[in-house]
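Colleague: predicted coordinates and the sequence they were generated for:
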Amino acid sequence: MSQILSYTWKPSGGEYGPRKARRQCDYEAYVPDVLTDLPLTLPLGVTAEVSRAEQALTAFEVETEHLDDFEHLARFLLRAEAVASSKIEGLQVSPRRLAQHEVKSRVGIIDSDATADAVLGNIAALRAAVESLAAVAVVDVQAILAVHRALMDHSDTRHLSGVIRDQQNWLGGNDHNPCGADFVPPPPEHVGDLLTDLCNFVNRDDLPPVVQAAVAHAQFEAIHPFADGNGRTGRALVSAVLRRRGLTPHFVPPISLVLATRAREYVAGLTAFRYVAAPDSPEATAGVASWIETFAAATVDAAHEASELRDAMLAIEAGWREKASVRRGSAADRLLRVLLGNPVVTPALVMELTRASRAAAFAAVDQLVSAGVLSQIGSGARHRLYEARDVLDLLADVERSLATPGCDTRTERPARHVPARRQ
């Protein structure tokens, strides 16, 4: 059964910080149940919410997968989810800044931005989760390490990439010891077995996918197996489970967009999951059910937000085509199709994305600039950057909308930092 273990923190003598933080002190670490012992008997109300979440995701897939070039919408949603997951960890970067940094890095323009690099790492990790982790025949610990490696390879702590921690970590409190922390995960000697158990749970196919994704995420967060990057890796695991079980074969639902707004409910749900009792006890059942209900409700709203984003993007592309009047099959036509997923481009990138010649790519860019679809950024001569402002403005509007429970920052105080309102 899950348990609380008591320890004494003994400073090694080389620590820095205030004297109080360098003293010997007592703390408690949490060790969760192995998931093979968890019966997962849910109340009818929670079961109904799970069913509603799965129906909402299925409906979105059915309504969207028939669209032409839906892969660009898929890329857009994956990026939106990764950015939101990063924001939960305090990585604040605007859609415009991130898109510009990504393109600059791609074409060799020096642009030092550690925060944007970290968010690009999260995009890479999420892509690894849904393309690789979701596709392997059997999920093992190495597959999870690969997702973490994709995340951390863009950070300034690459030495932690794909490395299971061998020291105690903690959340909250101070940076010097776990005494007074908000949560202390299992000691390092428990992590390996718990991760193996988690992989065995992810490989099951006898559970509703939303239940499996919710429990896998909460267990991963309880284990906290890495020195850094646990939250983002754990939320990438959600998308991998849903893709692996066939519930979201084409799109990543922006669940983190919703969880970022409901931060208190999110933390409360994960805390409830960390029960201390026998796995078949009423306390365990109530704690697990509370978290699954929170997660399922967020998933329902994520499917709704994905539908709203899809409709808004289709409207943007329709407006572009009305303004630009491009010839079907031309380089400009192909460029309009990829701008939704690549809102900042260079002529060289346009050549790559549209498979157009240099002359055709430049002509397409000029045509869309004249139509007001693209705008040049700065005055660079060698590497000209162009942005599709409509897409970047849409992302900023979504961030503002979802920063409050009522989706209106004009009447409610935002729950987090948001981009400035468009004039």
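Modeller: Good, I have the coordinates.

Colleague: just the CA trace of the helix or strand bottoming out on mean pLDDT in the chain, in CSV.
Modeller: In the chain, no helix or strand scores lower on mean pLDDT, DSSP states H and E than helix 389-401, which sits at a mean of 85. Below are the C-alpha coordinates for helix 389-401, written out as CSV (Å, rounded to 0.1, in the frame of the first residue of the first chain):
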residue,chain,number,x,y,z
ARG,A,389,-0.2,37.9,-38.0
ASP,A,390,-3.7,36.4,-38.1
VAL,A,391,-2.4,33.1,-36.8
LEU,A,392,-0.2,34.6,-34.1
ASP,A,393,-3.0,36.9,-33.0
LEU,A,394,-5.4,33.9,-32.8
LEU,A,395,-2.9,32.1,-30.5
ALA,A,396,-2.6,35.2,-28.3
ASP,A,397,-6.4,35.6,-28.1
VAL,A,398,-6.7,31.9,-27.1
GLU,A,399,-4.2,32.4,-24.3
ARG,A,400,-6.1,35.5,-23.1
SER,A,401,-9.4,33.7,-23.2
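
Colleague: run a quick neighbour tally on the closest residue to M152 other than its chain neighbours.
Modeller: Spatial nearest neighbour of M152, excluding adjacent residues (Cβ to Cβ, 6 or more residues apart in numbering): S161 at 3.7 Å. Glycine gets a C-beta too; all of them are placed from N, C-alpha and C. Using other Cβ atoms under 10 Å, S161 has 19 neighbouring residues.

Colleague: quick check, pLDDT for S161.
Modeller: pLDDT, S161: 93.

Colleague: show me what contacts it?
Modeller: 148-149, 151-153, 155 (Cβ atoms under 8 Å, 6 or more residues apart in numbering).

Colleague: so how far is A118 from it?
Modeller: Distance of S161 to A118, given as Cβ to Cβ, to the nearest Å: 13 Å.

Colleague: find residues that contact each of those two.
Modeller: With Cβ under 8 Å, 6+ apart as the test, S161 and A118 both reach S155.

Colleague: residue ranges with poor pLDDT in the stretch 51-200 of the chain?
Modeller: Within the stretch 51-200 of the chain, the ranges that satisfy pLDDT under 70 run 69.

Colleague: ranges for the helices of it?
Modeller: Listed in chain order, the helices of the stretch 51-200 of the chain (DSSP state H, counting those that start in this stretch) span 70-88, 95-107, 114-128, 141-152, 188-202.

Colleague: for the ones you listed, which one sits closest to W170?
Modeller: Closest to W170 of the helices of the stretch 51-200 of the chain, according to Cβ to Cβ: helix 188-202, at 12.3 Å.
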